[in-house]
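Novice: The following comprises the amino acid sequence and a computationally predicted model.
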Amino acid sequence: MLTAHNLTKQYGDYTALNKLNLTIQAGEIFALLGQNGAGKTTTINCFLGFIQPSAGDAVIDGIMVAQNPTETKKHLAYIPETVMLYPNLSGVENLAFFSSLAGFNYSEQELENLLQKAGLQAIAHHNRVGGYSKGMRQKVGIAIAIAKKAKVLLLDEPTSGLDPKASNEFSEILKELSQNGTAILMATHDIFRAKEVAHRIGIMKEGNLVSVIDASSISANELEQLYLQTI
């Protein structure tokens, strides 16, 4: 569902991403760990089509992103560290707008059901998003992904700044999406959240994917030690 073939991004003499090879299957959650500048966000931006790779290919559902950026966006949803929504619109209105951009026309009841499925409490559905917490905004982002029927979900530091309860709720939603066949690539600094939610974990350093670990084969403490040794 998500493939990188020798994916490389250079800025002059600086290599932000160096010959990344990675395959993520439908229903798999893959977490990328690494310090700032390790190449995590560059990887996600290549899959989003936000930046053009210097070499290699980013492929979504068999479609090359660089050659077909509009087509690949139909298959994915993106949740950055801060979900950008219209603050003067309600959760329902934001969801209606962004799902309509993807060609979907939902009734108000369907929109409410989607927000409910994403974990947003009914009392907040018609409140202005400007008053939402970060965790509530993330749930609207998840609802947009569900509404788009996205096959691929790209996440960049999605739990940064969330309290433990909101972070745990977010993880449970990701697991449910995974069970429904969504391929998920998540860049994060949160070692313990990566261990909890991901099937596989990659550690990046200076643009290189230096380790790939089966999450079930390692404890959180062992992962932390490996991470610290690697970086």
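Specialist: Here it is on my side, so go on.
Novice: Find the nearest non-adjacent residue to the residue nearest to the spatial centre of the chain, please.
Specialist: By C-alpha atoms, centre = their mean, the chain has its centre lying nearest to L155, at 1.8 Å. Spatially, and ignoring its direct neighbours in sequence, L155 is nearest to M186 (4.2 Å; C-beta to C-beta, 6 or more residues apart in numbering). Yep, even glycine has a C-beta here, placed from its N, CA and C like the rest.
Novice: Surely the one you found touches V152?
Specialist: No: assessed by C-beta atoms under 8 Å, M186 is found out of contact with V152, at 11.6 Å.
Novice: out of those two, which sits in the more crowded spot?
Specialist: Per other C-beta atoms under 10 Å, whichever of M186 and V152 has more neighbours is M186, with 26 against 21.
Novice: does the more buried one sit in a helix, a strand or a coil?
Specialist: Going by DSSP: H, G, I helix; E, B strand; the rest coil, the secondary structure assigned to M186 is strand.
Novice: Flag every buried residue along the longest helix along the chain.
Specialist: The single longest helix within the chain, with elements called by DSSP state H, is helix 164-179. Buried residues in helix 164-179, defined by neighbour count with 16 or more other C-beta atoms under 10 Å: 166-167, 169-171, 173-174, 177-178.
Novice: helices or strands next to it in the packing?
Specialist: strand 29-33, helix 134-147, strand 152-156, strand 183-188, helix 191-197 (3 or more C-beta pairs under 8 Å, 6 or more residues apart in numbering; DSSP states H and E).
Novice: and the ones you listed as a markdown table, adding mean pLDDT and distance to L226?
Specialist: As requested, these are exported to a markdown table (pLDDT from 0 to 100; distance: least, C-beta to C-beta, whole Å):
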| stretch | mean pLDDT | distance to L226 |
| --- | --- | --- |
| strand 29-33 | 97 | 9 |
| helix 134-147 | 91 | 28 |
| strand 152-156 | 95 | 22 |
| strand 183-188 | 96 | 15 |
| helix 191-197 | 92 | 9 |
